[in-house]
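S.K.: Sharing a model that was predicted from the sequence below.
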Amino acid sequence: MPKRSKRMAAAVALVDRNTVYTPTEAFELLKQAPGPKFDETVEVCVRLGVDPRKSDQLVRGAVSLPKGLGKTVKVIVFAEGDKAEAARAAGADEVGSEELAKKIQDGWMDFDIVIASPDMMRHVGKLGKVLGPQGKMPSPKSGTVTPDVAKAVTEFKAGKVEFRTDAGGNVHAPIGKRSFSTEDLCANYSAFIEHIIGLRPSAVKGTYIRRVSVSTSMGPGAFVSHGA
């Protein structure tokens, strides 16, 4: 097991793994911990009481965070004609159709979000094996397959985040930057948790949200109360 750095050891010492903190307490702790020289991303991880092998228990979607993400999100769009022009006007980083699909098939992955007009799925559908494992495959559930591509570009650029359950039944998402105020991190956290609660599949029995933790990208996690 690799030896922890002094910075990481000091950060870990601040967090009691047997304590469930309020969101305010948790974010204050994360901000007090010694950090690296860059502005870390703050992430939330929700352990759900779902069976990820069953399609009727998949939790997937997107939510707009009220305080944004504090980073530049690279958005590409599959669209043609007027929709393509509208996507460009809304700030899409790259817009195309068949040629854009080929570029991705050839190995280009320098983007965060893929948005597609429904008529473009004939091109995007071929990219499942490339985009799927990266969590970037467009989906109507997450609002990334939509006739209004320009609106989707605007929303994701402003801080809308996609999420889906992984193989262990967990949902991970960024909710801001370490430099954010505690109040802004709490606002984004609350919006995310409330959205997850609202997506509870009817097939899930028993406890839905089992545990929630927040962390910085280079720091320890703290367990947080979630009110559900």
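M.R.: Ah, there it is. Being a predicted model, the structure only gives us computed values, none of them experimental.
S.K.: Can you tell me how far the closest residue in space to residue 168 that isn't next to it in sequence is from residue 204?
M.R.: The shortest distance from residue 168 to any non-neighbouring residue, by C-beta to C-beta, 6 or more residues apart in numbering, is to residue 52 (6.9 Å). For glycine as for every other residue, the C-beta is placed from the backbone atoms N, C-alpha and C. Distance check for residue 52 against residue 204: by C-beta to C-beta, to the nearest Å, it reads 11 Å.
S.K.: And the contacts of stretch 30-44?
M.R.: By C-beta atoms under 8 Å, 6 or more residues apart in numbering, the surrounding residues in contact with stretch 30-44 are 7, 10-11, 14-15, 27, 70-71, 172-180, 182, 185, 189, 192-193, 212-220, 222, 224.
S.K.: which among these end up buried?
M.R.: 11, 15, 27, 70, 173-178, 180, 185, 189, 192-193, 212-216, 218-220, 222, 224 (16 or more other C-beta atoms under 10 Å).
S.K.: which stretches of the chain have low pLDDT?
M.R.: Regions of the chain meeting the criterion pLDDT under 70 cover residues 1-4, 7-8, 11, 227-228.
S.K.: residue closest to the middle of it?
M.R.: residue 173 (3.4 Å; C-alpha atoms, centre = their mean).
S.K.: Can you spell out which helices and strands pack onto the one helix or strand that residue maps to?
M.R.: Assigned by DSSP states H and E, residue 173 belongs to strand 170-177. If contacts are counted by 3 or more C-beta pairs under 8 Å, 6 or more residues apart in numbering; DSSP states H and E, strand 170-177 sits against strand 41-48, strand 160-164, helix 182-198.
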